[in-house]
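# Take a look and give me a structure for this.
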Amino acid sequence: MWSLGKENYSSVSEFILLGFSSESQVRMALFTFFLLLYLITLLGNVLIITLTCLDTHLHTPMYFFLSILSLVDMSYVTTTVPQMLVNLVYPRRTISWGACVAQMFIFLVLGIAECVLYAIMAYDRYMAICFPLHYTLLMSHPICIKMVTVCCSISIAGALIYTVFTMHLPYCGRHKINHFFCEVPAVLKLACADTSLNDRLDFILVFILLLVPLSFILASYICIFASILRIHSFQGKLKCFSTCASHITVVTMFCGPAMIMYMRPGSWYDPERDKKLALFYNVVSGFLNPIIYSLWNKDVKRAFLKVLGGRGIAQ
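Alright, predicted model coming up:
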């Protein structure tokens with residue numbers, strides 16, 4: 001795919017990622033900030049994965065999907081942040097054509113996977129709250145594995161279409177990407193051809209890969225809230241609401257900015273705004289996810305205290 005694009009269309013062998021400010025003091029401040037954010041993100045997500053593996057009480061579908069989400073989040077930020085950190089330190093902020101394609105593809109795979117995974121997690125909550133007696137049968141481990149496999153397949157297929165239709169365009173001269181990584185809207189602005197077909201394709205793909213999962217999540221929570229309202233115990237209602245609240249929060253943080261980025265017309269392109277949006281659903285979302293789930297989840301906090309040796313406190 002890469003060699004075909006380069007041979008037939010592109011005379012550009014590398015791109016320059018403009019990133020953020022060109023002032024050295026600002027770049028060093030941003031480097032320190034994003035490095036700390038990245039390390040904390042890795043630590044938080046590794047902690048979630050470790051706890052779900054070590055604590056038998058977390059060996060349930062809900063926490064299995066949460067550990068997969070943490071793995072996706074770690075990979076997601078690693079696709080962009082290390083490159084951004086290097087570019088903040090070294091003035092030559094180049095990325096080869098092949099590396100740009102690879103980064104775009106991996107970023108899209110993980111982004112689509114995260115969105116589909118949110119829908120799967122909403123379905124899991126729907127089954128747990130609306131069909132508690134049949135939950136273990138309907139959400140057995142083989143079924144969970146199949147769901148994750150389908151999620152991966154959809155992600156790879158969607159990312160492949162996005163990447164092929166973006167990188168097959170001619171890139172002939174301008175090679176400065178006004179972004180901190182090779183994201184589709186920013187790269188398309190450098191194409192020496194009409195991108196209206198790409199705009200229409202992007203809208204269709206976002207509708208399928210983002211709005212369909214969001215609609216599924218919305219439908220699931222309508223059924224969930226209807227079931228919660230029928231619960232007589234106040235503590236039971238509170239437990240169900242707290243479990244769902246963390247999921248709704250992370251879905252909103254991720255999908256809201258992603259929809260603005262990929263569903264708006266190409267004429268509305270604003271590089272500075274797009275960089276901030278990308279930071280939010282790529283970096284900030286991955287940073288906040290483990291915090292939200294650990295702060296609002298008693299099981300995770302209990303497992304953390306057990307790992308620290310505070311069994312008496314945890315109980």
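
# Run through the stretch 151-300 of the chain and note the low-pLDDT ranges.
For the stretch 151-300 of the chain, applying pLDDT under 70 flags the ranges 173-174, 236, 266-267, 295-296.

# Where do the strands of it begin and end?
176-177 (DSSP state E, counting those that start in this stretch).

# Let me know how buried the nearest residue to M253 once chain neighbours are set aside is, in neighbour terms.
Once flanking residues are discounted, M253 sits nearest to S285: 5.1 Å by Cβ to Cβ, 6 or more residues apart in numbering. (Glycine included, C-beta is placed from N, CA and C.) Residues lying near S285 (other Cβ atoms under 10 Å) number 24.

# Check F181 too.
23.

# Next one: it relative to A99, how far apart?
Distance from F181 to A99, counting by Cβ to Cβ, to the nearest Å: 10 Å.

# coming back round to it: the residue nearest to M253 and V250 touch, don't they?
Yes - counting by Cβ atoms under 8 Å, S285 sits close enough to V250 to count as a contact (6.9 Å).

# and the gap between A128 and P213?
19 Å.

# of those two, who's got more company?
P213 (23 against 19).

# That one touches A119, doesn't it?
Yes - with contacts defined as Cβ under 8 Å, P213 counts as touching A119 at a distance of 3.8 Å.

# residue contacts, the residue nearest to M253?
Contacts for S285 (Cβ atoms under 8 Å, 6 or more residues apart in numbering) come out as 73, 250, 253-254.

# Among these, which one has the most neighbours?
D73 (28 neighbours).

# For that residue, which residues are in contact?
So D73 contacts 41, 45, 114, 285-286, 289-290 (Cβ under 8 Å, 6+ apart).

# please redo it, this time with the cut-off set to 10 Å
Residues near D73 by Cβ atoms under 10 Å, 6 or more residues apart in numbering: 41-42, 44-45, 48, 110, 114, 117, 250, 254, 282-283, 285-290.

# Thanks a lot, see you next time.
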